[in-house]
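**Student:** compute the structure for the input listed below.
(chains A and B)
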Amino acid sequence: NAGVTQTPKFQVLKTGQSMTLQCAQDMNHEYMSWYRQDPGMGLRLIHYSVGAGITDQGEVPNGYNVSRSTTEDFPLRLLSAAPSQTSVYFCASSYEVGGTDTQYFGPGTRLTVL
Amino acid sequence: LAKTTQPISMDSYEGQEVNITCSHNNIATNDYITWYQQFPSQGPRFIIQGYKTKVTNEVASLFIPADRKSSTLSLPRVSLSDTAVYYCLVDPLSGGYNKLIFGAGTRLAVHP
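**Tutor:** Predicted structure coming up:
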């Protein structure tokens, strides 16, 4: 199992550009989520999905869009990049949410917006 | 919505036992306590989870008193490779991702 994979590892954008961060998991997990982590801070939830076709907003959803057409993939789209979106982005998946289940995190995408 | 409080940073030396305490005064009956570890430039990794009393695995022990308002992660005989950020989460049995809150964590530095 590859677990949770994310591409690209690094990305530099100019203000106003759009892009999609890719996330895939091969563990047949129903639950997937996107977090951002700013320097010296904890993780903040952007969007999450409880299954294919179902998504919802987290703590900091503005400026981001998601869709979940398959169980395996959960891409994150930046609609019009801003310097405030410079951060490290982590995708995670789990079989269930909460309880005794655990989240598996990808290696992250480091995004810089100029 | 339970919130956790942890020390911002801790220092230790190789071979010592490290105890990191997390406060969660508003923990609900159905909440579990989960600890994650994050190395630089990596995503967080699950360490241990518990509901009450004591849980032990090959990596750490978790002590939870009867009132469950705090918990202590214990790392026995730390090494340099245990230098990381440790997050304490209060993890509801059910109820959605919005209740999974990662605070700033505790930055542990292990020195030779």
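**Student:** OK, now which residue of chain B is nearest to chain A?
**Tutor:** Going by Cβ to the nearest Cβ, chain A is nearest to B:Gly43 of chain B, at 2.9 Å. The way it works is simple: take the backbone N, C-alpha and C, and place the C-beta from them, glycine included.
**Student:** now that residue: how far from A:Arg110?
**Tutor:** B:Gly43 sits 12 Å away from A:Arg110, taking Cβ to Cβ, to the nearest Å as the criterion.
**Student:** in chain B, where is pLDDT below threshold?
**Tutor:** Chain B contains residues with pLDDT under 70 at B:1-2, B:92-100.
**Student:** what's next to whichever strand or helix holds A:Phe90, contact-wise?
**Tutor:** Per DSSP states H and E: A:Phe90 is located in strand A:87-94. For strand A:87-94, contacts defined as Cβ atoms under 8 Å, 6 or more residues apart in numbering or on different chains pick out A:4, A:6, A:21, A:23, A:25, A:27, A:29, A:31-38, A:43, A:46, A:74, A:76, A:101-106, A:108-111, B:43-44.
**Student:** at 6 Å what do you get?
**Tutor:** The contact list for strand A:87-94 (Cβ atoms under 6 Å, 6 or more residues apart in numbering or on different chains) reads A:4, A:6, A:21, A:23, A:25, A:29, A:31-38, A:101, A:103-106, A:108-110, B:43.
**Student:** now stretch B:5-23
**Tutor:** Contacts to stretch B:5-23, defined as Cβ under 6 Å, 6+ apart, come from residues B:4, B:70-79, B:86, B:88, B:106-112.
**Student:** filter these to the buried ones?
**Tutor:** Burial by neighbour count, 16 or more other Cβ atoms under 10 Å in any protein chain shown: within the contacts of stretch B:5-23 this picks out B:4, B:70-71, B:73-75, B:78, B:86, B:88, B:106-108, B:110.
**Student:** give me the beta-bridge partners of A:Phe10?
**Tutor:** Using DSSP bridges, the bridge partners assigned to A:Phe10 are A:Arg110.
**Student:** on that earlier part again, now the element after the strand holding A:Phe90, going C-ward?
**Tutor:** strand A:104-105.
**Student:** summarise which helices and strands that next one is packed against.
**Tutor:** strand A:87-94 (3 or more Cβ pairs under 6 Å, 6 or more residues apart in numbering or on different chains; DSSP states H and E).
**Student:** mind listing what the strand it packs on pairs with, with the direction of each?
**Tutor:** strand A:31-37 (antiparallel), strand A:104-105 (antiparallel), strand A:109-113 (antiparallel).
**Student:** of all those, which one is nearest B:His24?
**Tutor:** strand A:31-37 (20.3 Å; Cβ to Cβ).
**Student:** buried ones in the closest one?
**Tutor:** In strand A:31-37, counting by 16+ other Cβ under 10 Å, buried: A:Tyr31, A:Met32, A:Ser33, A:Trp34, A:Tyr35, A:Arg36, A:Gln37.
**Student:** could you export the strand holding A:Phe90 as PDB, CA atoms only?
**Tutor:** Output in PDB follows, covering the C-alpha atoms of strand A:87-94 (Å, rounded to 0.1, in the frame of the first residue of the first chain):
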ATOM      1  CA  SER A  87       1.400  27.200   3.600                       C
ATOM      2  CA  VAL A  88       2.000  23.500   3.800                       C
ATOM      3  CA  TYR A  89      -1.000  21.400   2.800                       C
ATOM      4  CA  PHE A  90      -1.700  18.000   4.200                       C
ATOM      5  CA  CYS A  91      -4.200  15.500   3.000                       C
ATOM      6  CA  ALA A  92      -5.400  12.800   5.400                       C
ATOM      7  CA  SER A  93      -7.700   9.800   5.300                       C
ATOM      8  CA  SER A  94      -9.400   7.500   7.800                       C
END
